[in-house]
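> This is the structure alone, sequence omitted:
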């Protein structure tokens, strides 16, 4: 469909042949250039990171599981620098084309992985999601994407950013394949999965979406609540606005990112797009007291959720507040957009909960995703339920 | 002497033929890549600035004066990004070699101009000095350099940074040529210049220098005070430590730099070395109240100086607190070095006063400069006096 989406890394022709006879035999996939592939340098979206690192000595376990499962890895894909970004614009390598929304950003940081799936260049792709980096490109590019429960998949051999939020996620064009990948990565059979029996339509999350996006998702919500059987409309957070959730996540994530990369940055003074450097400076300047308060806040939200959300309940929420924004806007415009986006993605980030985005609506012809979110550990339920919706 | 010092810009082969028969006929010079040359893009040390700007429509007046005076311009030289930096390390284009101190930085931001003069590739070179960008590379590269009185030479056609500090300066290997350039640029005959009759050895400035540097400069100070005739040892600032002077300059300069470049940065999200972006963020975050207090502080220091320094008096001070530091150090190390350096250069910056650095001493074989500083307008006295010292 598309010969090139400016989505594959040109510095690494990393390919891995799938094991013969595996369940994923015949399928192709790509991995965000944060995943180590033995013998190749992991570039992480930054030319100085690429230049200053040696080839990986082994392949990341999650990649290996897919190859062992029979899938052929055919390339590495572009990412926002060091996975820091939500729009998919990389000051060094450019912006992958969004095949479903030309002239608009693909979303990030797993920009290339979403683009190659949406454009049909591979069957599925691996990304990472710290603050929305799988969910947002899935929504913007009109494909399925999942951020699993925090801590469920190994991050070994993956360039991490903020350990208390980092996850490995993946994209596919259909819910069935998304689920099959989950079966391989989690090592289970989704036919055993719990089915949701109650749906909470997250009113505070829908209030953040632009009216056209909320309206486009309304009929999908209707269909899903009917399928679940029981539902109610209620805020995720009765006590504090989601904007506060995000300001606390920004503090923790920014500071953890500085703790991850600060020494390397200090040592090498790498080149960054201004906005990436700006984020790092904000992280570095986060005081310990602010960090401690943010962690306390996060623990309180988690306790509230565990009381509210049992193993058979899901939240429904818009993945993003609007379709993919235009490419090349001023950073001040994008800053506002990023804040709005992250005010939605912070829900699962704060809770450590799995979230799956489904490309079930359009706004003026542009994709918008509807998300289902479960209690931590509910990945299986989400994957199986998304598959059943598609089948039914 | 040196074929290449990685000091000339490769993107622009800008050359201008000197007017026949001028006073500078037969001399060659280079200009920092902040000076417009008609038909060439001014790159300003940043590849995105270079890519996003059109060729200059006319040549900067200061360059034109030199060409009209007979000198041949043979190239543009590297600079720290957007003139922000004091060490001469550019994350995009590398670090010009310091011919007098191999393995060490040349100093910046007029890094390339200092290197090509020190290495004998040209007879003289133009730079700019906002926070020390001529004086420091002059000291580190063992050549003469002058920062003139603020506002004395036109900044038209020069990429400015912080208007209340920006100046055009120049380098030469000998005081005689340094003075001849001044005669052309100022349009005067230095034989008419005032001679200093009193020298103040700036005790607070010498206290900032490392002991080995202060010791190396001691005999030079002795020789100069003898030449002047009358002298005393006294601090530049009896009321406030020079560290405070610099913290106020940092606030004003940082904020002015953001006001100069912020809109362009916001629009284009350019790539910067991390330290440059860090400086811009600090400038952007400077509150108005801090800016106002800093400007009040500066006005108070200027009033004190005008009361202390008459037209026949000069300050003697170390140009830099130490010889050129090693290349490629961590940014945290360099941050401390930059602060120490700027605590000396802030004196003339704060006062708007001319300062001339002379390469009159060595520390372990590495050049260190001694500076003479006069009341604003005293450029002529400094140039003529430096020439007389060399002759005598």
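The structure has been received and is ready for your questions. Not measured: the values here are computed from a predicted model. Numbering: from 1, shown residues only, chains lettered A, B, ... in the order given.
> residue contacts, the residue in chain A that chain B sits nearest to?
Relative to chain B, the nearest point of chain A is residue A:277 (3.3 Å; CB to the nearest CB). (Glycine included, C-beta is placed from N, CA and C.) Applying CB atoms under 8 Å, 6 or more residues apart in numbering or on different chains, we find residue A:277 in contact with B:272, B:274, B:277-278, B:281.
> Any idea what the nearest residue to residue A:9 once chain neighbours are set aside is bridged to?
Setting aside the residues directly before and after it, residue A:9 is nearest to residue A:76 in space (CB to CB, 6 or more residues apart in numbering or on different chains), at 4.5 Å. Beta-bridge pairing for residue A:76 (DSSP bridges): residue A:31.
> roughly how far apart are residue A:76 and residue B:197?
Distance, residue A:76 to residue B:197, by CB to CB, to the nearest Å: 71 Å.
> which of these two has more neighbours?
Using other CB atoms under 10 Å in any protein chain shown, the more surrounded residue of residue A:76 and residue B:197 is residue A:76, with 28 against 13.
> Can you give me the pLDDT of that one?
We note a pLDDT of 97 for residue A:76 in this prediction.
> my read: it touches residue A:37, true?
Yes: between residue A:76 and residue A:37 there is a contact under CB atoms under 8 Å: 7.0 Å.
> any residues in contact with both of these two?
A:12, A:14, A:31.
> quick one: what helix or strand has the first one in it?
Secondary structure from DSSP states H and E places residue A:12 outside every helix and strand.
> Next, count neighbours for it.
18.
> residue contacts, it?
Contacts of residue A:12 (CB under 8 Å, 6+ apart): A:33, A:37, A:40-41, A:43, A:75-76.
> is the nearest residue to residue A:129 once chain neighbours are set aside in a bridge, and if so with what?
Distances taken as CB to CB, 6+ apart put residue A:147 closest to residue A:129, at 4.0 Å, once the chain neighbours are dropped. Note on residue A:147: beta-bridge partners by DSSP bridges are residue A:355.
> pretty sure residue A:147 is touching residue A:128, no?
No: using CB under 8 Å, residue A:147 is not in contact with residue A:128; the gap is 9.0 Å.
> Compare these two (neighbour count), which wins?
residue A:147 (32 against 28).
> Next one: the more buried one from residue A:371, what distance?
Taking CB to CB, one finds residue A:147 at 9 Å from residue A:371.
> go on, residue A:206?
11 Å.
> Show me the helices in the stretch 1-150 of chain A, by range?
A:47-52, A:61-68, A:111-118, A:135-141 (DSSP state H, counting those that start in this stretch).
> would TSV of the ones you listed with mean pLDDT, distance to chain B and mean neighbour count be doable?
Output for those, formatted as TSV (pLDDT from 0 to 100; distance: least, CB to the nearest CB, whole Å; neighbours: other CB atoms under 10 Å in any protein chain shown):
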stretch	mean pLDDT	distance to chain B	mean neighbour count
helix A:47-52	98	8	16
helix A:61-68	98	29	20
helix A:111-118	98	15	34
helix A:135-141	98	18	35
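> pLDDT averaged over the one helix or strand residue A:295 maps to, what's the number?
According to DSSP H and E, residue A:295 maps onto helix A:288-308. If you average the pLDDT over helix A:288-308, you get 95.
> What's the first helix or strand after that helix?
strand A:313-318.
> immediately after that following strand, which helix or strand?
helix A:331-351.
> could you give the angle of that following helix to helix A:288-308?
50 degrees (axes from the mean of the first three to the mean of the last three CA atoms, to 10 degrees).
> and helix A:331-351, which residues are buried?
A:331, A:334, A:337-338, A:340-351 (16 or more other CB atoms under 10 Å in any protein chain shown).
> tell me the contacts of the residue nearest to residue A:129?
A:129, A:132, A:134-135, A:167, A:169, A:348, A:354-356.
> any idea which of those is the one closest to residue A:381?
Residue A:381 lies nearest to residue A:354 out of the contacts of residue A:147, by CB to CB, at 8.5 Å.
> what separates stretch A:338-346 from the chain centre, distance-wise?
12 Å (CA atoms, centre = their mean, to the nearest Å).
> nope, stretch A:375-392 is what I meant
17 Å.
> cool, and stretch A:165-177?
Centre to centre, stretch against its chain (CA atoms, centre = their mean), the figure for stretch A:165-177 is 8 Å.
> Which parts of that stretch count as buried, going by neighbours?
A:165-175, A:177.
> Can you tell me, leaving aside adjacent residues, what's nearest to the residue positioned nearest the centre of chain A?
Note on chain A: the residue nearest the mean C-alpha position is residue A:134, at 1.8 Å, using CA atoms, centre = their mean. Residue nearest to residue A:134 in three dimensions, not counting chain neighbours: residue A:169, with 3.5 Å by CB to CB, 6+ apart.
> now residue A:340
With CB to CB, 6+ apart, the residue lying closest to residue A:340 is residue A:321, at 4.8 Å.
> who's in contact with the closest residue to residue A:60 other than its chain neighbours?
Nearest residue to residue A:60, sequence neighbours excluded (CB to CB, 6+ apart): residue A:157, at 3.1 Å. Residues in contact with residue A:157 (CB under 8 Å, 6+ apart) are A:35-36, A:56, A:58-63.
> mind putting these in a markdown table, distance to residue B:90 included?
Converted to a markdown table, these look like this (distance: CB to CB, whole Å):
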| residue | distance to residue B:90 |
| --- | --- |
| A:35 | 32 |
| A:36 | 31 |
| A:56 | 30 |
| A:58 | 36 |
| A:59 | 36 |
| A:60 | 35 |
| A:61 | 40 |
| A:62 | 39 |
| A:63 | 37 |
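> Need the max-distance pair from those residues.
Between any two of these (CB to CB), the greatest distance is 13.5 Å, for A:56 and A:62.
> The residue nearest to residue A:347 when sequence neighbours are not counted: how many residues sit nearby?
The spatially closest residue to residue A:347, leaving aside those adjacent along the chain, is residue A:236, at 5.6 Å (CB to CB, 6+ apart). For residue A:236, the tally of surrounding residues (other CB under 10 Å) stands at 25.
> Spit out the contact partners of residue A:236.
Counted by CB under 8 Å, 6+ apart, residue A:236 has contacts A:200, A:202, A:204-205, A:242, A:305, A:315, A:317, A:347.
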